[in-house]
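I need the structure of the sequence given here:
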Amino acid sequence: MTEPARPRGLMVAALRSGSGKTTVTLGLLRALARRGLAVSGAKCGPDYIDPAFHAVATGRPSLNLDGWAMTPGLMGALAARTAQGADVVVAEALMGLFDGVPAEPGRSGASADVARALGLPVLLVLDVSGQSQSAAAIVAGVRAYAPDLALAGVVLNRVGSERHTRLVTDAIRALGVDVFGAVPRTPDVVLPERHLGLVQAGEIAHLEALLDRMADLVGAHVDLDRLLAAARPMTPIAEDATAAIPPPGGRIAVARDAAFTFLYPHLAEGWRAAGAEIAFFSPLADEAPDATADVCWLPGGYPELLAGRLAAAEGFKAGLARFAETRPVHGECGGYMVLGRSLTDADGVVHPMTGLLGVETSFAERKMQLGYRQIELLADGPLGPAGSHLAGHEFHYASVVTRGDDRPFALAGDAYGNEPTPTGSRRGNVTGSFFHAVARRV
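Next up, the predicted model:
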């Protein structure tokens, strides 16, 4: 019997953030989709914003693949789900290609680990503004640093002229590395940003037109045929989804609007695959959670930008309080802040929140908290029974003014071996924390 053809894939990466890999990725995804190909996006690491852009660009779901927070078996299951029915998979790296944390080989969370595990050749996006032939030394360094990593070739970004392009291209091709194209400086084809990264896909007016401009840009300056030919069949990984976070109930009320959007696609898909129903509601529209749901989930997002509207949503607050009298309510990051007593915005205005937990948070003095987290739950709740271990991450700028007198929800350690400390809050049926859960640690 002939083995079915494996989907082909490649990874778009850079050596630092801000090199233009998201623009190249989105332009490539859209350009390939416009050719009639079934193309799926994937995002390496803990990023909940980029997959939404991938999905709009391709019309297909995009999932996260995380070598630190996910077991190899879970990552293999999610990669297979991403590739199902796709002609090609384009994975977007996180930060710099080799940026990760101390860990055993292949489990550092670096995008290079994902590329190795799945056999994805790397398309390196190089911002060559301010340099010419020196870019070849960077490419040579990548090959020397990771000789086992398949380097498909390079796309030059922010080139200044034909002469500039020729100097860089000739130097890199002299190494035996292909250059698939050179994208000029195009300041009008960029995505808007804010303090946690890109502005969310659902907030950008005329996003479809912007994606089409990105596709036009990439299509005009990158040889898509040669790039497609460089994609390789993905290496299958033994699938094991036992590390997935099981659905917290048979029917889950999930807040979803401009204030609550940071729900990982693999969580929602996994819950549905396990037979759970998801009932979305909008706190900004003053909607309460579905009264027939078993549990309510408030994801992260940007409540600090919409705190006034949330404070005025009396129907939402009253409905959530009624729900919490008899059933579990859990909040992650932004959701945790909304479950607290108050949220102080960047202008120093204090907004009353739901008061279901005693925590008070503030953006008046921002302090970034960023990194992977190893979690041990201290009590039974929507994320699992007491004693469960989870992998997740934290990324926010909020400060805790006071935690109130609630008991901690979990113990949180990091990826560097520091002693775990109490985190989050729990009171009655209500729990919350700043960490985003990615998977179980098994």
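
Against which helices or strands is the strand or helix carrying residue 337 packed?
For residue 337, the element it lies in under DSSP states H and E is helix 334-339. Judged by 3 or more CB pairs under 8 Å, 6 or more residues apart in numbering; DSSP states H and E, helix 334-339 is in contact with strand 295-298, strand 329-332, strand 430-433. Just so you know, the C-beta spots here come from the backbone N, C-alpha and C atoms, and that holds for glycine as well.

Tabulate those strands in TSV, adding columns for distance to residue 269 and mean neighbour count.
Below are those laid out as TSV (distance: least, CB to CB, whole Å; neighbours: other CB atoms under 10 Å):
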stretch	distance to residue 269	mean neighbour count
strand 295-298	15	26
strand 329-332	17	28
strand 430-433	23	26
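
And for the helix holding residue 337, what's in contact with it?
255, 259-260, 262, 283, 297-304, 310, 329, 331, 343, 353-354, 356-357, 359, 361, 396, 398, 424-425, 430, 432-434 (CB atoms under 8 Å, 6 or more residues apart in numbering).

now do stretch 125-138
12-15, 18-21, 24, 139, 154-160, 164, 167-168, 171-172, 174-175, 185.

Kindly export it (C-alpha atoms) in CSV.
Below are the C-alpha coordinates for stretch 125-138, written out as CSV (Å, rounded to 0.1, in the frame of the first residue of the first chain):
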residue,chain,number,x,y,z
VAL,A,125,13.9,36.9,7.1
LEU,A,126,16.9,39.3,7.3
ASP,A,127,16.4,43.0,8.0
VAL,A,128,19.3,44.3,6.0
SER,A,129,18.8,48.0,6.6
GLY,A,130,22.1,49.6,7.5
GLN,A,131,24.2,46.8,6.1
SER,A,132,25.1,45.0,2.9
GLN,A,133,27.6,42.2,2.5
SER,A,134,27.8,41.9,6.3
ALA,A,135,24.5,40.1,6.1
ALA,A,136,26.3,37.1,4.7
ALA,A,137,28.3,36.8,7.9
ILE,A,138,25.0,36.5,9.8
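
Flag every buried residue along it.
125-128, 132, 135-136 (16 or more other CB atoms under 10 Å).

what does stretch 431-442 give?
Of the residues in stretch 431-442, those buried (16+ other CB under 10 Å) are 431-441.

Residue 58: which of the residues you listed is nearest?
residue 438 (22.9 Å; CB to CB).

pLDDT score for the closest one?
Model confidence at residue 438, given as pLDDT, is 95.

What of residue 207?
For residue 207, the model assigns a pLDDT of 83.

With adjacent residues omitted, what lies nearest to the spatially most central residue of the chain?
Nearest to the geometric centre of the chain sits residue 47, at 1.7 Å (CA atoms, centre = their mean). Of all residues not flanking residue 47 in the chain, residue 94 sits nearest, at 5.8 Å (CB to CB, 6 or more residues apart in numbering).

for residue 409, same thing?
Spatial nearest neighbour of residue 409, excluding adjacent residues (CB to CB, 6+ apart): residue 424 at 3.1 Å.

Repeat that for residue 287.
residue 281 (4.3 Å).

Ok, residue 152 next?
In space, and not counting its chain neighbours, residue 152 is closest to residue 121: 3.7 Å by CB to CB, 6+ apart.

From residue 11, how far off is that neighbour?
With distances taken as CB to CB, to the nearest Å, residue 121 is found 7 Å from residue 11.

neighbour count winner among those two?
residue 11 (29 against 17; other CB atoms under 10 Å).

could I get the helix or strand that contains that one in PDB with only the CA atoms?
Remark: residue 11 resides in strand 8-13, with elements defined by DSSP H and E. What follows is strand 8-13, C-alpha atoms only, in PDB (Å, rounded to 0.1, in the frame of the first residue of the first chain):
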ATOM      1  CA  ARG A   8       4.800  20.000   3.200                       C
ATOM      2  CA  GLY A   9       5.800  22.800   5.400                       C
ATOM      3  CA  LEU A  10       8.400  25.500   6.200                       C
ATOM      4  CA  MET A  11       9.100  28.000   9.000                       C
ATOM      5  CA  VAL A  12       9.400  31.800   8.600                       C
ATOM      6  CA  ALA A  13      11.900  33.000  11.200                       C
END
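
Show the average pLDDT along that strand.
On average, strand 8-13 scores 97.

which residues touch that strand?
Contacts with strand 8-13, where a contact means CB under 8 Å, 6+ apart, come from 21, 24-25, 28, 44, 83, 87-93, 97, 111-112, 114-115, 118-125, 152, 227-228, 230-234.

Low-confidence ranges, the stretch 101-250 of the chain, go.
Applying pLDDT under 70 to the stretch 101-250 of the chain flags the ranges 189-205.

Which residue ranges of it form strands?
Secondary structure of the stretch 101-250 of the chain (DSSP state E, counting those that start in this stretch): strands at 122-127, 151-159, 179-184, 193-194, 197-198, 232-233.

For the ones you listed, state which one has the densest average packing.
strand 122-127 (a mean of 25; mean count of other CB atoms under 10 Å).

what lines up beside that one in the sheet?
Partners of strand 122-127 in the sheet, by DSSP bridges, are strand 8-13 (parallel), strand 151-159 (parallel).

quick check, distance from it to the centre of its chain.
Strand 122-127 has its C-alpha centroid displaced from the chain centroid by 20 Å (CA atoms, centre = their mean, to the nearest Å).

just the helices in the stretch 251-400 of the chain please.
265-273, 307-311, 314-324, 334-339 (DSSP state H, counting those that start in this stretch).

As JSON lines, those with mean pLDDT would be great.
Converted to JSON lines, the helices of the stretch 251-400 of the chain look like this (pLDDT from 0 to 100):
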{"stretch": "helix 265-273", "mean pLDDT": "93"}
{"stretch": "helix 307-311", "mean pLDDT": "96"}
{"stretch": "helix 314-324", "mean pLDDT": "98"}
{"stretch": "helix 334-339", "mean pLDDT": "96"}
